[in-house]
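Colleague: no sequence on this one, just coordinates:
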């Protein structure tokens, strides 16, 4: 009798080991779980712990305190008024509100710019689609820093935009100097592909005969968009918005380069507390935890209306 | 041996059976060798001294000049901030030497990270300008022990575009008062993106504008900046009012130079060395650096040696070499900044001496060294700076 094939025996052993439910789970989920635990859960847990720790002589002392959270919201001196109501804010509150405002504007801009393009791409034939998606995504094959620095040349008091306006006789425009507008443009540019690809996935699954039917039954173009296309692609809109909004809130590079120190988004404030001259890892961690919690709360609200399965398409 | 030969040899080696004992012995030997490499003492030979400091210290001519006079291999990790140097050393064990700016040395002492200077080894300490010795005595000498060696220095003022901004009496008023010169400077002013450098400018301006010398006293009279909370609020308000006139806050030399050349600002708070680079390396002529009448802040890099270093004496020898005329001259060339040791100037050409050579000690007397903020107002100080930036 011939000896059993050595490879066959090994294969049978592997199949037998893997067929046990616990081993199957270990092999399939294990590496991903270890990755997430080591690189996400553990740092987050450590950051959470540090946010409650005390700092003495620049060392972390495990003496729990809520002081760092209190300081984020207490003792604000910048005065604002909302009608008859006056209030003061801290730098942290201003930074987080500014970050949410900028991220919202960047998300809306991405949506408005990407939606028509995604719609056109969904209607194109295969060959034209490939050409368009290649042309649209081509700039994004370059490193983000390079693209961000290209905006540095465009903006500024004597940047290309203001120089062109000067040549045309309009004079310099203050909005084109470094600050809020360049940061919004930079973020919109950076995260545009995430919105575009998500919307395309959603629109590509759309049954366009429904739209034709609606038109045949007398719906105007506006009504078709409002009553059919938007509701049917809502998961894509929500998904794309998340992919733009969440990283925009915590953006660091774009406001650092295009804000030239004048746009203090939350990422910049945290960086200064974490590794800048105001070094204090506990306050930096507390600020980061507030951002994490606020973003998770926003996601929680979103997932009440859209399921996770729907986010990538229809 | 060709690459293929190596691969084949590895294959034949891997096919051999290796006993568990041989395997353990082998890994043990590799581990020991690796550990020896980490501690910088491979087999008791030339030690490796790891330094975290500014990029200029890592340039080949500088490192070669140091290594040629000391029995050590120098490995330099470049950093762009003193805070980063502090944090990396605070994380433990990695570096023998750091060279932060003087205002951060007190943090190293507070965190118990560094050794007192061994004056027997750092013989060049004797030669540095008396003023820097007095700065060192005031800022980082504890119970008679000095914890750092002033290495290289420079001063801050402002630079302006001479083609656009008319001649004027140098004053920080140009940054805070819109009618100080005829040129409209709205959106054309740059400040330094660091509280430690920009808050003192506000203090010096307020000392003159409000005829209140207490602002200047807070900068000069102690080993830290001792502003009151009220003074900090006034400085904050001044800087917030100034903000609409700014192009922004910049800390990188490269960005400063690029923005100046692009014509995005006309007046910029800056160190003298940035402007020397702008003139020497970029050939820019329409720029002038001035020291304002209110006073100028001076920085000086200070070499400190880690308490965790296994080669403390060798580390001080390396520091001593960075202060010596030969390596000191290379360092001055690399950063366009003068050494704290005036003897270094002897190694520089006449042209170099004019830019970063020996400085008249009387002139050094005019400068105020940057300092860390006093502990009791540090929260108010950093909050104020965050509010300025908000």
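Modeller: Looks like it came in fine. All values reported here derive from a predicted model rather than from experimental measurement. Residues are numbered from 1 along each chain as shown, chains lettered A, B, ... in the order given.
Colleague: got a list of what residue 71 touches?
Modeller: If you meant another chain, say so; for now it's chain A. By Cβ atoms under 8 Å, 6 or more residues apart in numbering or on different chains, the contact set of residue A:71 is A:90, A:283, A:286, B:379. For every residue, glycine as well, the C-beta is placed using N, CA and C.
Colleague: my bad, chain B
Modeller: Taking Cβ under 8 Å, 6+ apart, we find residue B:71 in contact with B:46-47, B:314.
Colleague: let's see 6 Å
Modeller: By Cβ atoms under 6 Å, 6 or more residues apart in numbering or on different chains, the contact set of residue B:71 is residue B:46.
Colleague: Repeat that for residue A:24.
Modeller: Counting by Cβ under 6 Å, 6+ apart, residue A:24 touches residue A:18.
Colleague: Next up, the contacts around the closest residue to chain A within the stretch 1-150 of chain B.
Modeller: Relative to chain A, the nearest point of the stretch 1-150 of chain B is residue B:111 (4.5 Å; Cβ to the nearest Cβ). Shown in contact with residue B:111 (Cβ under 6 Å, 6+ apart): A:57-58, B:90.
Colleague: cutoff 7 Å now
Modeller: Applying Cβ atoms under 7 Å, 6 or more residues apart in numbering or on different chains to residue B:111 gives the contacts A:57-59, B:90.
Colleague: What residue spans form the domains of the chain?
Modeller: Assuming you mean chain A. According to automatic domain parsing, chain A comprises the domains A:6-51, A:91-310.
Colleague: my bad, chain B
Modeller: Following the assignment in automatic domain parsing, chain B carries domains at B:46-153+B:300-369, B:155-298+B:372-389.
Colleague: In JSON lines: these, plus distance to residue A:69.
Modeller: Below are the domains of chain B laid out as JSON lines (distance: least, Cβ to Cβ, whole Å):
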{"stretch": "domain B:46-153+B:300-369", "distance to residue A:69": "23"}
{"stretch": "domain B:155-298+B:372-389", "distance to residue A:69": "15"}
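Colleague: okay if I get those domains as JSON lines plus mean pLDDT?
Modeller: Output for the domains of chain B, formatted as JSON lines (pLDDT from 0 to 100):
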{"stretch": "domain B:46-153+B:300-369", "mean pLDDT": "92"}
{"stretch": "domain B:155-298+B:372-389", "mean pLDDT": "92"}
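Colleague: Tell me which of these sits nearest to residue A:198.
Modeller: Residue A:198 lies closest, by Cβ to Cβ, to one member of the domains of chain B: domain B:155-298+B:372-389, at 33.8 Å.
Colleague: now the end-to-end length of that closest one.
Modeller: Domain B:155-298+B:372-389 has its terminal residues 24 Å apart, counting by Cα to Cα, to the nearest Å.
Colleague: ok, now stretch A:165-183?
Modeller: With Cα to Cα applied, stretch A:165-183 spans 20 Å between its terminal residues.
Colleague: what about it, near chain B?
Modeller: Yes - with Cβ under 7 Å from any Cβ of the partner chain as the criterion, chain B is reached by stretch A:165-183 at A:174, A:177-178.
Colleague: What's the mean pLDDT across that stretch?
Modeller: In this model, stretch A:165-183 has a mean pLDDT of 90.
Colleague: just stretch A:151-160 next, same as before
Modeller: For stretch A:151-160, mean pLDDT is 91.
Colleague: Contact distance from chain A - what residues of the stretch 1-150 of chain B qualify?
Modeller: B:83-84, B:87, B:90, B:107, B:110-111.
Colleague: Just the buried subset of those residues, please.
Modeller: Those of the residues of the stretch 1-150 of chain B next to chain A that meet the buried threshold are B:83-84, B:87, B:90, B:107, B:111, by 16 or more other Cβ atoms under 10 Å in any protein chain shown.
Colleague: For the stretch 201-314 of chain A, just list every one of the strands.
Modeller: For the stretch 201-314 of chain A, none of the segments meets the definition of strands by DSSP state E, counting those that start in this stretch.
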